[in-house]
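Colleague: have a look; sequence and predicted model below, questions after that.
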Amino acid sequence: CGDRIILIFEALAAGENGMSTCPLHTLDLRGNICKEKYKELLPAAIDNLGTKQWEMYNGICVGDLRRGTLKSLVIHEMNVNFISVDNVLMLAKFLKLNSSLTELDIHSNHLHSYGVETIIKALASTEFRSVPGQIQKLDFSDNQVKGISPGLTSALTSMGIENLETYNRFPIGKIRRGEMTALHLNDYTDRRSFGGDAIIVLALCLKSNHSLTSIDFSGDLFDYHNETVVGPEGVLLILQALAANKKNGVSTCPVHSLNLMWNNNDKITNELESAVQALGSTQWEVYNEIRIGDVRRGAATELSLRRRDTSSDWMFESIHHDLPPVHTPRNEDKEMLAQNEEEDNGHAHMPEENVHSVEKGLDDQSVRGQRGQSCCQRGPTE
């Protein structure tokens, strides 16, 4: 369908002196999937269509966007094939001209990373940013944005978050103004909704965090095999953002409880070590369910490091190197405990034939005992 859509656009764009004279203002090509492989060919065809006459494209009111009379635009599963590149490019084309939109909701439209990045770039474009008013509410959740790409990071950074109130339902404005003390990912999203774009926005917001003291982005809130969990890149991005809270080179990060477990973070890197070291150690109480505050104060006598990951290892080492040794059960203690347990259980751990033989021996002893008791009861003459 991509080739046919391009042919239609080229035909409509044909005009005199290189200028489009197409009178068409409404076009609906929904249901015709134009895949990402056409993303290099479509922009030129769409640019040649012009903008002045358009009112509706695939059910999107692009005319209101062009005139600046639209404040809220919601596109939610109106087209099961919204991944179609022509939809993304046409919407981006008119978002660059918009001067009034404050809310954009395109969740659950199969945009993937390419679609989200293209629309974010349109919102961050010079045309959009040069007019008064900025987007305050954005929702790209449940669009299968996997991973953290440099292009998406650059687009979101260029767009900025200074005027954002919510992004994918996360209260960015409250975090930015210091009105929240706890942020638990599961309160605002589910396993389908969270993507790499949300991690980037949250990291940008956490770089100037002054109030959050508890953060939970643990992957056990999601399906373990789901590719939209925070992941190793997200863990590093969050740690680097928190480490950016500094004054005179000293960490001022107020977070004392952080959970980034179950995010497949199983590789030690120089960047991860540097980020953890930069976070300091004086304020920490709990990291990935490890009570490192007790370790720091020397109040821990036993410590379990089950279900840890590499960031947990580095965090533990960063606070533990100058503290008294923490007692953990020695191997010989464990062997002695196991041996005592076997003795207490008797023959519970014996092979089945040995158990039968013991039971049989007990039966023989009881029979002999009964016979002996009968002999004692008989008279001497007998």
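Modeller: Arrived safely. Since the structure is predicted, the reported quantities are computational estimates derived from the model, not experimental observations.
Colleague: every contact and neighbour count from this point should use C-alpha atoms.
Modeller: Fine.
Colleague: show me the contacts for the residue lying closest to P254 once chain neighbours are set aside.
Modeller: Leaving aside its sequence neighbours, P254 sits nearest to T213 (C-alpha to C-alpha, 6 or more residues apart in numbering; 5.5 Å). For T213, the contact set (C-alpha atoms under 8 Å, 6 or more residues apart in numbering) comprises 181-182, 254-257.
Colleague: can you add secondary structure and give the residues you listed back as a markdown table?
Modeller: A markdown table is the format used below for those (DSSP: H, G, I helix; E, B strand; the rest coil):
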| residue | secondary structure |
| --- | --- |
| T181 | coil |
| A182 | strand |
| P254 | coil |
| V255 | coil |
| H256 | coil |
| S257 | strand |
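Colleague: which of those residues count as buried?
Modeller: 181, 254-257 (16 or more other C-alpha atoms under 10 Å).
Colleague: need those in a markdown table (columns: pLDDT).
Modeller: Compiled in a markdown table, the buried ones among the contacts of T213 are given as follows (pLDDT from 0 to 100):
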| residue | pLDDT |
| --- | --- |
| T181 | 95 |
| P254 | 92 |
| V255 | 94 |
| H256 | 94 |
| S257 | 95 |
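Colleague: which one of those residues is nearest P150?
Modeller: V255 (27.0 Å; C-alpha to C-alpha).
Colleague: what does the model give the closest residue to that closest one other than its chain neighbours for pLDDT?
Modeller: Excluding the flanking residues, the one nearest V255 by C-alpha to C-alpha, 6+ apart is T213, at 3.8 Å. pLDDT recorded at T213 is 95.
Colleague: again, but for Q377
Modeller: Value listed for Q377 in the pLDDT field: 42.
Colleague: same thing with S84?
Modeller: 81.
Colleague: with the one 10 residues further on instead?
Modeller: Per-residue confidence at F94 stands at 91 (pLDDT).
Colleague: how many other residues sit next to it?
Modeller: 21 (other C-alpha atoms under 10 Å).
Colleague: name the element it belongs to?
Modeller: Assigned by DSSP states H and E, F94 belongs to helix 85-95.
Colleague: hmm, who's touching that helix?
Modeller: Counting by C-alpha under 8 Å, 6+ apart, 33-36, 38-39, 42-43, 46, 51, 57-58, 60, 62, 65-66, 82, 111, 115, 118-119, 122-123, 128 sit against helix 85-95.
Colleague: how about stretch 6-14?
Modeller: Contacts for stretch 6-14 (C-alpha under 8 Å, 6+ apart): 19-22, 41-42, 45-46, 48-50.
Colleague: what about the stretch 151-300 of the chain, any weak spots by pLDDT?
Modeller: Low-confidence segments of the stretch 151-300 of the chain (pLDDT under 70): 189-193, 219-229.
Colleague: what about the strands in it?
Modeller: Taking DSSP state E, counting those that start in this stretch as the test, the strands found in the stretch 151-300 of the chain are 166-167, 182-184, 214-216, 246-247, 250-251, 257-259, 286-287.
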